[in-house]
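**Q** missing the sequence, but the structure's below:
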């Protein structure tokens, strides 16, 4: 059995070929897709966060809105760039969204990816401390967030407050019990996966990672997951961690599917550079008839290792089509893979 959700990047463009032509379209359609996915029996609605781009950016208003209109589906991010975040304000916003949803928030965070602008986090008022890299800054912000989410007071109260305070040191409010255990780290390397395990975060492994061995993407990703679980066990955490992978998977069911994805030819890994030093391997997409998909997916070692699969969706093709994409996997592929009864 496996949890299955969708991951949307929330692209929008004013092009007449796009079904999502404005930021309002991207936000409102995201809510509609989450509601429809819950009705289909999907387990999660996740959203990517990018700044300075025609994509979804500020996740918490969207997640809170989805949380208010749904009842069961997990709501989450994959991922929030921690170089841009104020950990205390983020703790307040995340806790509010979590409380609205009844404790369904699964918060994916990371050190970030290549950006639309140079050092965009500087425009948000952040910069690394002396001797610190931007990745170090993201991890510092993360450790502060995790500390705040423990819920312990640390701020000295005003002796003459406007409103009465509870006894002792104060913490940011609202506070959502249990959210600390639903933080996920988007790891691009084996080392950062191990770091996440030591801090007690769940693992999100995406459709790319640092090319550390030259092997196929799914093999390297499976190795990353095993290293993470080994580090988790060695850290002595009491709960069982969760691990997700994301994939572009399309069941070719009709002429629309074949027109959009039947001739993609994207049947192998790709290699590229995230920056001048970081060689990355990008996982393949899957587009085939359901019986062929089942054969291909059974060979993916990382999917087998994960407990959660996030289906990346082409959000600009509209809500109805993406409902069809998700339903095709849930109905015709997942049961044969043993992911659904």
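**A** All right, it came through fine. Remember, it's a predicted structure, so these values are computed and weren't measured experimentally.
**Q** going forward, measure contacts between C-alpha atoms and count neighbours the same way
**A** Will do.
**Q** Where does pLDDT dip in this protein?
**A** 264-266 (pLDDT under 70).
**Q** how about the strands in it?
**A** Per DSSP state E, the chain carries strands over the ranges 3-8, 44-47, 74-77, 80-81, 105-110, 183-186, 202-205, 208-210, 243-247, 249-251, 270-273, 279-282, 286-288, 308-313.
**Q** roughly how far out does stretch 219-234 sit from the chain middle?
**A** Taking CA atoms, centre = their mean, to the nearest Å, the mean C-alpha location of stretch 219-234 is offset from the chain mean by 18 Å.
**Q** got the contact list for it?
**A** Here stretch 219-234 makes contact (CA atoms under 8 Å, 6 or more residues apart in numbering) with 189-190, 193-194, 196-198, 200, 203, 205, 209, 211-213, 241, 243, 300-303, 305-306.
**Q** How about residue 141, nearest residue that isn't a chain neighbour?
**A** residue 87 (5.8 Å; CA to CA, 6 or more residues apart in numbering).
**Q** same thing with residue 56?
**A** Using CA to CA, 6+ apart, the nearest residue to residue 56 is residue 10, at 5.0 Å.
**Q** how much space between the one you found and residue 30?
**A** For residue 10, the distance to residue 30 equals 7 Å [CA to CA, to the nearest Å].
**Q** again, but for residue 51
**A** For residue 51 relative to residue 30 (CA to CA), the value is 17 Å.
**Q** again with residue 205
**A** Residue 205 is 22 Å from residue 30, by CA to CA.
**Q** Spit out the contact partners of the residue nearest to residue 329 when sequence neighbours are not counted.
**A** Closest residue to residue 329 apart from its sequence neighbours, by CA to CA, 6+ apart: residue 251 at 6.6 Å. Residues near residue 251 by CA under 8 Å, 6+ apart: 257, 287-290, 293, 325, 328-329.
**Q** Show me the residue sitting in the middle of this protein in space.
**A** residue 78 (1.5 Å; CA atoms, centre = their mean).
**Q** quick one: contacts for that residue?
**A** Counted by CA under 8 Å, 6+ apart, residue 78 has contacts 7, 46-49, 107-109, 186, 204.
**Q** do that again at 6 Å, thanks
**A** Taking CA atoms under 6 Å, 6 or more residues apart in numbering, we find residue 78 in contact with 47-48, 108.
**Q** how close does it sit to residue 59?
**A** 10 Å.
**Q** could you pull out the helices for this protein?
**A** Per DSSP state H, the chain carries helices over the ranges 23-40, 59-69, 87-101, 120-123, 134-148, 190-198, 217-235, 255-261, 290-297, 301-305, 319-328, 334-337.
**Q** So which of the ones you listed is nearest residue 1?
**A** helix 334-337 (8.8 Å; CA to CA).
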